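Undergrad: Generate a structure from the sequence data that follows.
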Amino acid sequence: MRAAGISALIAVTVVVLAPQAAAKELAPGLTCGDDYTCRNDTGDTYRVTWQAICNTGRSQQATLWVGPHSTEVFRAVCPPLYKPGFTEDFGKWIPGSPLTIDYLDAVVDNDPAALTGG
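TA: All right, here's what the predicted structure looks like:
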């Protein structure tokens, strides 16, 4: 009975200490996290510049606009890496996948031309 109680206590401790998706406040009311989302609780549109660090040693940088009172989900795409082979081995492509996301900048950008491309 005592062992069951200790096991339950350990299980609860593990659940409580489990890491949550880390959200970083980039500006007042604007948070972005490791789960590829940015949430804007303000009345402004934000332009967020981010960079994915990839498993291939490369990185990919992009910009995301997050409208007022909205959440945007983005996709980090990493380019593949070609590893050349030898005489009889033609080499192989290594698929790229993001290891981390770095948020580089977040500025208010209420210019509708930037959002519509016009």
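Undergrad: what are the ranges of the strands in the protein?
TA: Listed in chain order, the strands of the chain (DSSP state E) span 23-27, 30-33, 37-40, 46-54, 59-66, 70-73, 81-83, 92-94, 98-108.
Undergrad: So, low pLDDT: which residues of the protein?
TA: Applying pLDDT under 70 to the chain picks out residues 1-21, 87, 112-118.
Undergrad: Would you mind measuring from the closest residue in space to V73 that isn't next to it in sequence to S70?
TA: Leaving aside its sequence neighbours, V73 sits nearest to T37 (C-beta to C-beta, 6 or more residues apart in numbering; 5.2 Å). Quick note: C-beta positions are derived from backbone N, CA and C, even for glycine. Counting by C-beta to C-beta, to the nearest Å, the separation of T37 from S70 is 11 Å.
Undergrad: hang on, the earlier thing: and the strands of the chain as JSON lines, adding mean neighbour count?
TA: Shown next, in JSON lines, are the strands of the chain (neighbours: other C-beta atoms under 10 Å):
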{"stretch": "strand 23-27", "mean neighbour count": "15"}
{"stretch": "strand 30-33", "mean neighbour count": "20"}
{"stretch": "strand 37-40", "mean neighbour count": "20"}
{"stretch": "strand 46-54", "mean neighbour count": "19"}
{"stretch": "strand 59-66", "mean neighbour count": "16"}
{"stretch": "strand 70-73", "mean neighbour count": "12"}
{"stretch": "strand 81-83", "mean neighbour count": "12"}
{"stretch": "strand 92-94", "mean neighbour count": "11"}
{"stretch": "strand 98-108", "mean neighbour count": "14"}
